[in-house]
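Enquirer: Okay, sequence plus prediction incoming.
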Amino acid sequence: MIALKDICFAYEERPVLKHINLTIEDGETVMLQGPNGCGKSTLIRILNALEFADVGEYIFEEKRIDKKSMKDERFAKVFHQKIGYVFQNPEVQLFCASVEEEIAFAPMQMGLERAEVKKRVDHCINLLQIEDLRERAPYYLSTGEKKKVAIASILSMNPKVLVLDEPLSGLDAETAEWLTDFLLQLKKSGKTMIIATHNHTFAEMVADRIVYMNRDHQIDHILRLKESL
Amino acid sequence: MRKQVEIPEWMMQEEVYVPCRDKDSFSKKTSGQILKVLGKIKMQTVRRGKWEISAGIGLLLLFVTVVLTVTARDMRFLAVVFGVMLVMLAFFDGTSIRGILAETFCGVTFAFIFTLPAALVGNVHTMQTITAKTAVTVMAVALLNHRVRWNQICASLSRLHLSDTLLFVFDMTVKYLVVLGRICKNLLDALALRSIGKNQNKRKVTGGILGVTYLKSQHMAEETYLAMHCRGYDGTYHYYTEHKINVLDVLRIFLLVGEIVLYICIGQFLR
């Protein structure tokens, strides 16, 4: 489903990623682990076409993702619908006036019927257990609540692949445990997930494979934990 | 007791989605522009190693150059100063040369347009003098701007006994431009990622992004002030600088003296 072939990326001549080769199958859960500054977040930005590799190829469902292909507006929109990205800091992901509007943003854009949009918003709110936040402004929520709203706002567009950058950062133990259970349920439902995390226990609980990156901005080794669905 | 999560049916099915056309160049263009500005500010905060010059000497040279240029009556003085600045420009990298020349050209064009009416009524000399003086002063400012970091300039200004509050506000503004710019860029990225169809409420979303950035800036300003209080901030703002005088600084002092001597010589003896 996803293939990264010899990806290299540098920022102002400072290498951030070196010769990354990785394939991710449909329904697989892959964790990215490694020390701070090893390039996990940049790799995630490349996977979401927010950055483009200097060298190498990124293939998503047999189509090459690069600056040229992303200039095609329709192709870019379909691509972004298929891959949902939950930022490490949910604060920079929420820009609507209320939680309900935030979750309805993508389905409304997709031109779905009002009833369908409402159904999706209700389901996502139930799923993330944020009923009491429905009318509140996202900016004034706690970090854990913002994270839940950010996940709900991505799930409402029903992406095939879910990319999460440090999903447990800033969460209390109870919310972290809840989110782990939730991601396990999503995994069972067949969603492909790519998650960057520092938490080994979480990685081992949820992942099919753990990709370890090193300080030299390369993949050090890959640990296969279980066969994907 | 935790509620059991039940994934809805539609979430387990693959979405069949054909997007309709929509003009969303605003977020892309704004995002690109923010990146450009951030890149420039970031360059300003990067240490330039052994080629870094003393901001104090740089500011003094700039001040003297501007004063002498403005008061100069002889075009030969302006020509010599401009020539020396072109030699200095040759030691910059390509990107900086392009930037400095573009800024100078912009200033000269404005001066030319504003003084054109004077030339049309026969006062060509006024147009030539003002345009030449603008070229010299704008290039002098651009040369300093591309060589000295902003926080160094703030540190130098502090030696002129300017108000601590003023310097603090100036320094914080530059720092927060980067931080808030990055927040704004991330919000625009998030918007671009979720802009997968036709957005009926573009203005509302833009307002949302500006609103979040404003709230964040207010929140960060309060937090920074409280954090500084906790670290003993009492209204005085001190800078930590460790610049040592190098060859470039000595060269600049020679230039400064040479410039003054040339100004006096042209004014007194070469008239």
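Expert: Nice, thanks for sending it over.
Enquirer: Every contact and neighbour count from this point should use C-alpha atoms.
Expert: Fine.
Enquirer: Could you pull up the residues touching A:Cys124?
Expert: A:Ile103, A:Ala152, A:Ser153, A:Leu155, A:Ser156 (Cα atoms under 8 Å, 6 or more residues apart in numbering or on different chains).
Enquirer: Excluding chain neighbours, give the residue nearest to A:Gly34 in space.
Expert: A:Met213 (4.7 Å; Cα to Cα, 6 or more residues apart in numbering or on different chains).
Enquirer: ok, and which of the contacts of A:Cys124 reach chain B?
Expert: A:Leu155 (Cα under 8 Å from any Cα of the partner chain).
Enquirer: Farthest pair within the contacts of A:Cys124?
Expert: A:Ile103 and A:Leu155 (8.4 Å; Cα to Cα).
Enquirer: So which bits of chain A are right by chain B?
Expert: A:50, A:73-74, A:76-78, A:80-81, A:84-85, A:92-97, A:105-106, A:108-111, A:123, A:127, A:139, A:154-155, A:158-160, A:182, A:185-186, A:189-191.
Enquirer: now, which of the residues you listed lie within helices?
Expert: Applying DSSP state H to these, the entries found in helices are A:73-74, A:76-78, A:80-81, A:105-106, A:108-109, A:123, A:127, A:154-155, A:182, A:185-186.
Enquirer: the more surrounded of A:Ile103 and A:Leu155?
Expert: A:Ile103 (29 against 25; other Cα atoms under 10 Å in any protein chain shown).
Enquirer: Send me stretch B:76-93 as PDB with only the CA atoms.
Expert: In PDB, the C-alpha atoms belonging to stretch B:76-93 read as follows (Å, rounded to 0.1, in the frame of the first residue of the first chain):
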ATOM      1  CA  ARG B  76      32.200  62.000  -5.900                       C
ATOM      2  CA  PHE B  77      31.800  61.200  -2.200                       C
ATOM      3  CA  LEU B  78      28.600  59.200  -2.900                       C
ATOM      4  CA  ALA B  79      30.300  57.400  -5.800                       C
ATOM      5  CA  VAL B  80      33.300  56.300  -3.700                       C
ATOM      6  CA  VAL B  81      31.200  55.100  -0.800                       C
ATOM      7  CA  PHE B  82      28.900  53.200  -3.100                       C
ATOM      8  CA  GLY B  83      32.000  51.600  -4.800                       C
ATOM      9  CA  VAL B  84      33.400  50.500  -1.400                       C
ATOM     10  CA  MET B  85      30.000  49.000  -0.600                       C
ATOM     11  CA  LEU B  86      29.900  47.100  -3.900                       C
ATOM     12  CA  VAL B  87      33.300  45.600  -3.000                       C
ATOM     13  CA  MET B  88      31.900  44.600   0.400                       C
ATOM     14  CA  LEU B  89      28.900  43.100  -1.300                       C
ATOM     15  CA  ALA B  90      31.200  40.900  -3.400                       C
ATOM     16  CA  PHE B  91      32.100  39.000  -0.200                       C
ATOM     17  CA  PHE B  92      28.500  37.900   0.400                       C
ATOM     18  CA  ASP B  93      27.000  34.600  -0.800                       C
END
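Enquirer: Could you point out which residue ranges in chain A have low pLDDT?
Expert: For chain A, the stretches with pLDDT under 70 are A:227-229.
Enquirer: Grab the most central residue of it for me.
Expert: Of all residues in chain A, the one closest to the mean position by Cα atoms, centre = their mean is A:Val163, 1.5 Å from it.
Enquirer: Verify the stated contact: that residue with A:Thr197.
Expert: No: counting by Cα atoms under 8 Å, A:Val163 does not reach A:Thr197; the two are 11.3 Å apart.
Enquirer: so where is chain B shaky, pLDDT-wise?
Expert: Ranges of chain B meeting pLDDT under 70: B:1-5, B:22-52, B:237-243, B:268-271.
Enquirer: centre of the chain versus the longest helix along it, how much separation?
Expert: As assigned by DSSP H, the longest helix anywhere in chain B is helix B:164-194. Computed by Cα atoms, centre = their mean, to the nearest Å, the chain-centroid distance of helix B:164-194 equals 14 Å.
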